[in-house]
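J.: Build me a model:
(one chain, ligands or ions: 1)
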Amino acid sequence: MLAYSYMLEIPYWINVHKVLVKYKKIIFKLFTFSYFLGGSIIAFGFYLFNNYPLIYLIIQSLAKSFGTLALFMFLATLTPGILSRFKIFPLFASSIVLFRRQLGILMFITAMVHSFYLITIPGIMTSQFGPDFLTIRDLLGSLSLIILLPAWLTSNNYSQKKFGKIWKIIQRVTYISLVMIFIHVAFTSLKLGVLTFGVFLLEFSSWLKVWFFDKK
Ligand code: HEM
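T.: Modelled structure (predicted):
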């Protein structure tokens with residue numbers, strides 16, 4: 001009884017979880033479709049910039065929201081780890097784990113669309129791209145993408161098997177990018193900055209709990 005109350009769970013989440021498990025394959029396909037869509041939006045950006053500036057501007061006006069979407073997906077990928085270290089909401093955590101890898105991959109692509117439309121494509125197409133063109137905010141955003149790149153490239157079963165124990169370390173490097181993303185986001189949005197900092201504190205305190213309070 002004590003163990004059960006310690007675990008906590010969102011009321012009726014079991015029903016949501018069952019639906020997610022039932023439609024897992026379809027949801028996976030939707031993710032795959034989104035990867036291609038995101039990739040095409042990036043690739044066509046250069047063409048649109050020159051030939052269809054209006055379409056480019058429409059997508060660019062959404063690019064800020066793409067950043068917010070990428071941020072939410074990134075924070076969602078961290079949630080199961082935090083919840084399992086605090087030993088709460090296990091079913092909710094396992095619902096996210098079902099799609100964590102897909103979320104991580106889509107997060108990276110979404111962040112690329114965000115950065116390419118806001119900065120990279122206009123920079124390259126107007127030949128202004130260079131160190132002076134980027135602000136500290138942009139540099140931190142770029143650095144977080146660079147740090148996330150190895151985790152993104154190795155988010156598949158083949159790499160997981162091939163890299164063995166190192167694979168977990170590669171994935172955990174993501175924590176460093178959390179700090180960069182926090183500063184990057186805080187430059188533009190107080191609310192999102194506070195949210196990111198809150199998740200950072202939860203992440204940090206969940207590890208403190210494991211290191212100092214959990215019995216070995
Ligand atoms: C992991 C990667 C990234 C994430 C999660 C992210 C997320 C965000 C978020 C949430 C915002 C605030 C949006 C708002 O105020 O509504 C933002 C703003 C911005 N980001 Fe990123 N970003 C990332 C990478 C980048 C990169 C690589 C660049 C460009 C080099 C970039 C350029 C910008 C710019 C220019 C803004 C300000 C937009 C404006 O105020 O109009 N971001 N980003």
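
J.: name the element Ser142 belongs to?
T.: helix 136-153 (DSSP states H and E).

J.: average pLDDT across that helix?
T.: Averaged across helix 136-153, pLDDT comes to 95.

J.: go on, stretch 208-216?
T.: The model assigns stretch 208-216 a mean pLDDT of 85.

J.: anything in the helix holding Ser142 near the ligand?
T.: Yes. Using C-beta under 6 Å from any ligand atom, helix 136-153 reaches the ligand at 138, 141-142, 144-145. For glycine as for every other residue, the C-beta is placed from the backbone atoms N, C-alpha and C.

J.: Any chance of those in CSV with neighbour count as columns?
T.: Below are the residues of helix 136-153 next to the ligand laid out as CSV (neighbours: other C-beta atoms under 10 Å):
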residue, neighbour count
Asp138, 17
Gly141, 24
Ser142, 16
Ser144, 24
Leu145, 20
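
J.: Now distance to Val21 too, for those residues, in CSV please.
T.: Below are those laid out as CSV (distance: C-beta to C-beta, whole Å):
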residue, distance to Val21
Asp138, 41
Gly141, 35
Ser142, 38
Ser144, 32
Leu145, 32
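
J.: any idea which of those residues is the one closest to Val179?
T.: Nearest to Val179 among the residues of helix 136-153 next to the ligand: Ser144, at 8.5 Å, using C-beta to C-beta.

J.: Spit out the contact partners of the closest one.
T.: Listed by C-beta atoms under 8 Å, 6 or more residues apart in numbering, the contact set of Ser144 reads 177, 180-181, 184.

J.: where are the low-confidence patches of this structure?
T.: Applying pLDDT under 70 to the chain flags the ranges 1-6, 216.

J.: Close to the ligand: what parts of it are there?
T.: Residues of the chain lying close to the ligand (C-beta under 6 Å from any ligand atom) are 64, 67-68, 70-71, 74, 111, 114-115, 118-119, 138, 141-142, 144-145, 181, 184-185, 188-189, 192.

J.: Repeat the analysis, applying 8 Å as the threshold.
T.: Selection of the chain residues close to the ligand by C-beta under 8 Å from any ligand atom yields 63-65, 67-68, 70-71, 74, 107-108, 111-112, 114-115, 118-120, 134-135, 137-142, 144-145, 148, 177, 180-181, 184-185, 187-189, 192.

J.: So the residue nearest the centre of the chain, which state does it fall into?
T.: Using C-alpha atoms, centre = their mean, the residue of the chain that lies closest to the mean C-alpha position is Phe74, 2.3 Å off. Three-state call for Phe74 (DSSP: H, G, I helix; E, B strand; the rest coil): helix.

J.: That one against Ile181, yeah?
T.: Yes. Using C-beta atoms under 8 Å, Phe74 makes contact with Ile181 at a distance of 6.7 Å.
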